[in-house]
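Student: Here is my input; please provide its structure:
(3 chains)
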Amino acid sequence: MTAVLEVQDLGVSFGGIRAVDGVSFSAARNAITTVIGPNGAGKSTLFNLISGRIRPRRGRVLLDGVDRTGAPPHLMQRAGLGRSFQITNLFFELTVHENLRLAAQRLEPADRLWQPVGRSARAAARVQELIARFQLGAKVSELAGALSHGEQRRLEIAVALAAQPSVLLLDEPTQGMSHADTADTAALIRTLAQDVTILLIEHDIGLVMDISDRIVVMHQGRKLTDGTPAEVRADPAVKSAYFGDA
Amino acid sequence: MRNITASPASSAPAAAPAAIPVRDQLGLQMRASHVLMAVFVVAAVAFAAIGAAIGDTFFLRLATEALIFAGFALSVDILLGFTGLLSLGHALYFGFGAYVSALVLKETPSFWLAIGAVLASSLVAGFITGLVANRVRGVYFALVTFGLAQVVAKAVYNTRELGASDGLIGVPIVPINLGVGTLMSNAPAAFFLFTLGFVVVLYLIAAYLLETPFGRILVALRANESRVPFLGYSTRSARLAAYVLASVIAALSGALYPMLRGFVSPELLFFSTSGNAVITVVVGGVGTLAGAFYGSIILTVLKSVIGTMTEHHLIVIGLLFIGTVIFLPKGLMGVVRPWVMRLLGRRAS
Amino acid sequence: MTAFLDYFQFVLAPQMITGLSLGVAVVLVALGLTIIFGLLDVINMAHGEFYAVGAYLALSLGFAGVSFWLLLIIVPAVMLPLGYIVERGLIQRVFNKPDRHVTTLLLTFGLGLVVEDVLKVIFGGNTQRPPTPISGAIDIMGVLLPNYRLFLILFGLAVIAAVALVVNRTRLGAVVRAAAFDRNMAASLGVPVSQVYAGTFAFGVALAGLAGVLLAPVFSVFPTMGRDFIFLAFTVVIVGGMGSIMGTVVAGLLLTQVQALSSLIVSPVWSDPILFSIMVLMLVVRPQGLFGRLGHA
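Tutor: Modelled structure (predicted):
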């Protein structure tokens, strides 16, 4: 299986602290790769480095074999990267429909930018698809800020997915969700992986073990190990990082 | 361990389910603004008819000036109400347009030449200064635009070739050739109607652009700028484009000023002009476009009425403004528009 | 050599002293601005008008016979409750709304308009000038120094030092800084946050008023004096770093020196563009200013 996303020796420091320190791994096509680690391990910073929000001090990010290191977020998006946020980052004062439409607009050719919104038929069709897939039909005309937490988290994923990225970064998608919602979301992510390569950050170990193809364990900015869920579960270094003496 | 067997329903595109009806909230808002503008235009035309019938000059010219400043306020609303940028120095472009227009008209009293010159030069000026101003956002952006206008205003004030503190006087009467006929800039009712048409065209251009995906990106900037790059758009480019658009519209409005008054002066660049536009937009209704027009009329009427009683109209206007910011932050049209939207919505269903 | 010494003695040094005395006063005004921003996250567009109010109070009380030395205490004392009321009555009303930055900016902008016009109503539009409290000049190493300017510099520096001391070294200052850093945490620790906010705003306003008292004999008093001054004050705050006292002091003294010295080389008309260019340059190269922390606005 080919690697769609490859991270090589990625590193960045903030005021003397090595937030991410020489991390390397690859995410295979249409696989679910999950990044786990205790709080402060550098997982969200890793996502910020990959998605272009922060510029890495060293290392490389390759998307589909092309070096995209240091590209700003909007160019990463255009290269095929989609990303959701740990703290819900929607357009709260706009409707669910508009949130999706904005994200789906990227599917249209550039000159559509200057034509009336109604002409963007492809984006409109994509919005309908997303509404159906993420079961947002009932709330489509509501403001995103009026949704329940679980619905907002779902919308987060939908917005990240709207422009049909080849790689989807999901940052704690089930954060704050109930058990039922978490299980539904896990199932959703599994179906998404058929079309998209997924890189996931998650804290719910049950979910992680259940749906991941590969797990990358981070600790204090470095990669501790990576492997299949079975390998990681058996690794003593992982156990001590989470529970013990590290 | 992942479940490899995929259920067929999710892998093949389902036979298209019945499309969920979506209500484009922003589109509805814009249509409501159009209704409010239509009401405004009808009232304005009626006003002109009455004014012409009774042979009035003063009120027609006052109203024309209000329309010119409404066009300027429109540009401020594009920035503040849609892109979320507060510019405290936008009079820079209004004054720029006025001065360029005056300079051209004094050489050749040709309306289209003046407008063309203002259009071209303001595009360039807006772009260059926009590059500087848009390196920062929020409060810093407000202060940079403030400073920029201060500096240029002082420079103009001290430049003899531009008339220094007296400004440029002696702008001739301009014949405006519309193809189907010609009107003179000193004909009160005719020029009023022409200005009305001119600023309405500016409104329509702004409204059109704001209802394109480009315009929706501006709205997205105001709603949550941090997410916009992850949609695939450069926020710097979007903000710059909005800024240039606003600068051009401000300049084109300013271009009409010397045609009405026969002179231009550095006051047009001062902070008070920028401030007045912001007050107009906030009182009229920020983010409604139509609010710029209603606000300008309200402010003009207030200033005239209070001006007859005392020269301290700033206290009243300032208090009104403070009251609006605290108690009616959406402005007048911000309150009226939802009613119109409900009416329109009911008609559609 | 003697030509240079003469130049220094008769042109450069006096100019620098003038710049220094203006600088000290600008720092006092800008200090209030930066403290208000640092704590409340509020841009006080009416700050220049409070400076004007201080000057007008000094003018009128002075004409009524109150001695200058008393004015230095009375005027700021009067302005404290004024600032307190403005903060509790106006700013708090919009403080918890979503686009607070824009709203408070607009609110204080409106307030500035009203205050300026009220001043015009009460005092008329003409320029007035209170008498210089300390006359005469002193000769230091051949440089002639107006006594009042010298006093201004020394007194102003003393006040600045006192402010820095209070903010950084006292318990009161610690409380204020805590409330600035994390409002909710401070509240749960028993800090009366809304009073701290109002008090800090009042303090900043009082500083501006004090600057008004000090500068009135130098620059005269007229209704739009605040508006002219605010540009310089904001430039100092931006270049020094919003919320940083050290930054305000350094930038304030530095920029007024730049202004004073540049007017020797080019026409004074250019001083505004020069200052503005420095402001823009700083915003582009280092938006947090010389000493500021990133993460503000």
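Student: Could you tell me how many residues sit around the residue nearest to residue A:145 when sequence neighbours are not counted?
Tutor: Leaving aside its chain neighbours, residue A:145 sits nearest to residue A:92 (3.4 Å; criterion: CB to CB, 6 or more residues apart in numbering or on different chains). The C-beta positions use only the backbone N, C-alpha and C, and glycine is treated the same way. The local packing of residue A:92 (other CB atoms under 10 Å in any protein chain shown) involves 16 other residues.
Student: what's the answer for the one 3 residues further on, then?
Tutor: Neighbours of residue A:95 under the rule other CB under 10 Å: 22.
Student: And the residue sitting nearest the centre point of chain B, what's its pLDDT?
Tutor: For chain B, residue B:74 is the residue whose C-alpha lies nearest the centre (CA atoms, centre = their mean; 1.4 Å). Listed pLDDT for residue B:74 reads 97.
Student: what about it, helix or strand, and which?
Tutor: helix B:58-77 (DSSP states H and E).
Student: can I get the CA coordinates of that helix in CSV?
Tutor: Backbone C-alpha positions of helix B:58-77 (Å, rounded to 0.1, in the frame of the first residue of the first chain) are rendered in CSV as follows:
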residue,chain,number,x,y,z
PHE,B,58,-31.3,73.8,-1.3
PHE,B,59,-32.9,70.6,-0.2
LEU,B,60,-32.2,68.8,-3.4
ARG,B,61,-28.6,69.6,-3.2
LEU,B,62,-28.4,68.7,0.5
ALA,B,63,-30.0,65.4,-0.4
THR,B,64,-27.6,64.9,-3.3
GLU,B,65,-24.7,65.4,-0.8
ALA,B,66,-26.3,62.8,1.5
LEU,B,67,-26.4,60.3,-1.4
ILE,B,68,-22.8,60.9,-2.2
PHE,B,69,-21.8,60.2,1.4
ALA,B,70,-24.2,57.2,1.3
GLY,B,71,-22.0,55.8,-1.4
PHE,B,72,-19.0,56.3,0.7
ALA,B,73,-20.7,54.7,3.7
LEU,B,74,-21.5,51.7,1.4
SER,B,75,-17.8,51.1,1.0
VAL,B,76,-17.3,51.2,4.8
ASP,B,77,-20.1,48.7,5.2
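Student: wait, what's in contact with the residue nearest to the centre of chain B?
Tutor: B:199, B:202, B:203, B:206, B:249, B:253, B:289, B:292, B:293 (CB atoms under 8 Å, 6 or more residues apart in numbering or on different chains).
Student: rerun that using 10 Å as the cut-off
Tutor: B:81, B:199, B:202-203, B:205-207, B:246, B:249-250, B:253, B:277, B:280-281, B:289-293, B:296 (CB atoms under 10 Å, 6 or more residues apart in numbering or on different chains).
Student: Filter those residues down to the ones in helices?
Tutor: B:199, B:202-203, B:205-207, B:246, B:249-250, B:253, B:277, B:280-281, B:290-293, B:296 (DSSP state H).
Student: Now a PyMOL select for only the buried ones of the residues you listed.
Tutor: Burial among the ones in helices among the contacts of residue B:74 is assessed by 16 or more other CB atoms under 10 Å in any protein chain shown; the matching PyMOL selection reads:
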select buried, chain B and resi 199+202+203+206+207+246+249+250+253+277+280+281+290+291+292+293+296
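Student: Quick one: mean pLDDT over stretch A:65-73.
Tutor: The model assigns stretch A:65-73 a mean pLDDT of 92.
Student: can I get the CA coordinates of that stretch in CSV?
Tutor: In CSV, the C-alpha atoms belonging to stretch A:65-73 read as follows (Å, rounded to 0.1, in the frame of the first residue of the first chain):
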residue,chain,number,x,y,z
GLY,A,65,5.1,12.1,-2.9
VAL,A,66,5.3,15.9,-3.3
ASP,A,67,7.2,17.9,-0.8
ARG,A,68,4.7,20.3,0.8
THR,A,69,6.7,21.4,3.8
GLY,A,70,5.9,24.8,5.0
ALA,A,71,3.1,25.4,2.7
PRO,A,72,0.4,27.7,4.2
PRO,A,73,-2.9,26.1,5.1
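Student: Does it reach chain B?
Tutor: Yes - using CB under 10 Å from any CB of the partner chain, stretch A:65-73 reaches chain B at A:72, A:73.
Student: What are the buried residues along that stretch?
Tutor: A:68, A:69, A:71, A:73.
Student: Show me which of the residues you listed is closest to residue C:69.
Tutor: Using CB to CB, residue A:73 comes nearest to residue C:69 of the buried residues of stretch A:65-73, at 59.7 Å.
Student: where does that closest one fall, phi/psi-wise?
Tutor: Dihedral pair for residue A:73: phi -50, psi -40, per degrees, to the nearest 10.
Student: same deal with residue A:80?
Tutor: Dihedral angles for residue A:80 - degrees, to the nearest 10 - are phi 110, psi 20.
Student: Just give the number of residues close to the closest residue in space to it that isn't next to it in sequence.
Tutor: Once flanking residues are discounted, residue A:80 sits nearest to residue A:166: 3.9 Å by CB to CB, 6+ apart. Residue A:166 has 17 neighbours, counted by other CB under 10 Å.
Student: For residue A:166, give its distance to chain B.
Tutor: Distance, residue A:166 to chain B, using CB to the nearest CB, to the nearest Å: 13 Å.
Student: which ones are touching that residue?
Tutor: Contacts of residue A:166 by CB under 10 Å, 6+ apart are A:4-5, A:29-30, A:63-64, A:79-82, A:195-197.
Student: before we move on, back to that, specify the local secondary structure of the residue nearest to residue A:145.
Tutor: Secondary structure assignment for residue A:92 (DSSP: H, G, I helix; E, B strand; the rest coil): coil.
Student: wait, residue C:100 sits on residue B:329?
Tutor: No - the pair residue C:100 and residue B:329 does not pass the contact test of CB atoms under 10 Å, sitting 11.5 Å apart.
Student: what sits in contact with each of those two?
Tutor: With CB under 10 Å, 6+ apart as the test, residue C:100 and residue B:329 both reach residue C:94.
Student: tell me the helices in the chain, going along the chain?
Tutor: Just so you know, I chose chain A. Counting by DSSP H, the helices of chain A are A:43-51, A:73-78, A:96-104, A:121-133, A:149-161, A:179-192, A:205-211, A:229-234, A:236-243.
Student: The intended chain is chain C.
Tutor: Using DSSP H, helices in chain C cover C:2-7, C:13-40, C:47-63, C:68-86, C:92-95, C:100-123, C:147-169, C:171-181, C:183-188, C:193-219, C:225-240, C:245-265, C:271-285.
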